[in-house]
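>>> sharing a model prediction with you, sequence too.
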Amino acid sequence: MKINKLHIVAFDVPYPPNYGGVIDIFYKIKDLHDLGILIYLHVYEYGRGFPEELETYCEEIYYYSRSNSIFNFLSFTPFIVKTRSSSKLIKNLNTIKAPILFEGLHTTYPLIKNTFIDQKILVRTHNIEHYYYNGLAKSEANLFKKIFFWIESLKLKYYQTILNKADNILTISPFEHSYFEIIFNEKASYIPVFHQNKKLTISNKIGNKILYHGDLRVSDNIKVVHFLIKTFKDFNYNLTIASSFENQAIIKEIDKYSNIQFQKINSADCIKTLFDETHINILLTFQKTGIKLKLINSLYQGKFIIANSEMIEDTGLENLCELANTKSEIKNKVIELIYKEFTEDYVRNREQELIKFNTKTNALKIIELLN
């Protein structure tokens, strides 16, 4: 019998789709719905509200509260998992007999008791979580947060054995896939990230900006911005740093230099305008985890991309970016690209390479696994 129902357990409210993890969840829900799958969505809500937009794509939506009590930190279960435990969730998952897709290790607490009979279990791995939290610990300046992230990474490394209870592990990038394939063998299936882009929308306008954009509440992005300020402060080219969050400490530092400016991202239209005006996008990270949605968006909407190894290595997108790891390498790439034309050949090459990120095709891969 063909399966047309699916439980999806989300670690956060996936609307609006305005950061990496929820972007993948929202557009996955949308594509599966468009292909005839009835979605029963289970969501942990802790500040993002109850958006009516999700009702368009879901048969039912169940909301659960997340307990952020400090006592959860004392558990051997990782904090991101323990705070998303709900007996009501387990009951609801058992009420409608359908496969279950757990979004991230975060939501897999119900698998500890393994109460599901004749229900296929899929887990979407958004990161190698203990790598991710170890990276956060290295980037974090606050001592308390640094210790918290380090302990959490140790717990997550031990906890990931819960994936033995899954029938399929949906990996998000070639790097993650290689890792989970070695440990969990045939359970790992590479399903690239879901996103809003259906085709390339690269403007033919001549842009002159050099752009870095990212969430300036995230420690890794803050570290990147400080690195870029040091790179551009004595460079004869202008840099725009854009974010939806106004980090006052960073803005104060930016204001010291006439060739560096901050721009607030107020909407999706704002980021589209930025892409249209930009000739070179700089994408850096000091954490090699998952695949960055801003890399995908920049490839679909932006022109030249300068990226470091941690951003593009093992993504399958290396050939579409200019590699630069050091300050001098970044400067040399800027000088090389700033007056270079972004031709139709570049566009055609991107279209060919990005076929693997077609979200409808990847939604069909999930449906094949369900059946």
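Perfect, I can see it now.
>>> low-confidence ranges, the stretch 1-150 of the chain, go.
For the stretch 1-150 of the chain, applying pLDDT under 70 flags the ranges 1.
>>> so what's residue 286 up against?
135, 138, 139, 220, 223, 224, 310 (CB atoms under 8 Å, 6 or more residues apart in numbering). C-beta here means a position set from N, CA and C on the backbone, and glycine is covered the same way.
>>> please repeat the previous calculation with a cut-off of 10 Å.
Contact analysis of residue 286 by CB atoms under 10 Å, 6 or more residues apart in numbering lists 135, 138, 139, 219, 220, 221, 223, 224, 227, 308, 310, 311.
>>> again with residue 225
212, 214, 216, 239, 241, 243, 247, 250, 253-254, 260, 262, 284.
>>> quick one: it from residue 243, how far?
Distance of residue 225 to residue 243, computed by CB to CB, to the nearest Å: 9 Å.
>>> do the same with residue 324
Taking CB to CB as the measure, residue 324 and residue 243 are separated by 22 Å.
>>> residue 280 belongs to a strand?
Yes. With DSSP: H, G, I helix; E, B strand; the rest coil as the criterion, residue 280 is located in a strand.
>>> look at it and say how many residues are nearby.
26 (other CB atoms under 10 Å).
>>> list the buried residues for the biggest strand by length in the chain?
Ranked by number of residues, the top strand in the chain under DSSP state E is strand 38-45. For strand 38-45, a neighbour-count test (16 or more other CB atoms under 10 Å) marks 39, 40, 41, 42, 43, 44 as buried.
>>> show me the shaky parts of the stretch 201-350 of the chain.
Applying pLDDT under 70 to the stretch 201-350 of the chain flags the ranges 290.
>>> where exactly do the strands run in it?
In the stretch 201-350 of the chain, the strands defined using DSSP state E, counting those that start in this stretch lie at 209-213, 239-243, 260-264, 278-283, 304-307, 322-323.
>>> list the strands paired with the last one, with their directions.
Spelled out, that is strand 322-323. Here strand 322-323 is paired, per DSSP bridges, with strand 304-307 (parallel).
>>> what residues does the strand it pairs with touch?
Applying CB under 10 Å, 6+ apart, the external contacts of strand 304-307 come out as 207, 210, 212, 278-285, 292, 295, 298-299, 311-313, 315, 317-318, 320-325, 329-330, 332-334, 336-338, 340, 342, 346.
>>> now, those that are in helices?
295, 298-299, 311-312, 329-330, 332-334, 336-337, 346 (DSSP state H).
>>> intersection of neighbour lists for residue 225 and residue 243?
212, 214, 216, 250, 262.
>>> write a PyMOL command that selects only the buried members of the contacts of strand 304-307.
Entered in PyMOL, the line below selects the buried ones among the contacts of strand 304-307, by 16+ other CB under 10 Å:
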select buried, resi 207+210+212+278+279+280+281+282+283+284+285+292+295+298+299+311+312+315+317+320+321+322+324+330+333+334+337+342
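>>> rewinding a little: okay, the shared contacts of residue 225 and residue 243 in TSV with distance to residue 28 next?
Putting the shared contacts of residue 225 and residue 243 into TSV (distance: CB to CB, whole Å) gives the following:
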residue	distance to residue 28
212	28
214	23
216	27
250	33
262	33
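>>> so which of those wins on neighbours?
Highest neighbour count within the shared contacts of residue 225 and residue 243: residue 212, with 25 neighbours (other CB under 10 Å).
>>> ok, and the closest non-adjacent residue to that one?
Leaving aside its sequence neighbours, residue 212 sits nearest to residue 282 (CB to CB, 6 or more residues apart in numbering; 4.7 Å).
>>> look up which residues are beta-bridged to the one you found.
Applying DSSP bridges, one finds that residue 282 bridges with residue 306.
>>> surely it touches residue 232?
Yes. Between residue 282 and residue 232 there is a contact under CB atoms under 10 Å: 9.5 Å.
>>> what residues do these two have in common as contacts?
210, 212, 239, 241, 330, 334.
>>> returning to that earlier point: let me know the closest of the shared contacts of residue 225 and residue 243 to residue 191.
If you rank those by distance to residue 191 using CB to CB, residue 214 comes first, at 24.7 Å.
>>> excluding its backbone neighbours, what's nearest the closest one?
Per CB to CB, 6+ apart, closest to residue 214 is residue 221, 3.9 Å.
>>> these two touch, right, that neighbour and residue 136?
No. Here residue 221 does not reach residue 136: they are 11.5 Å apart, not a contact under CB under 10 Å.
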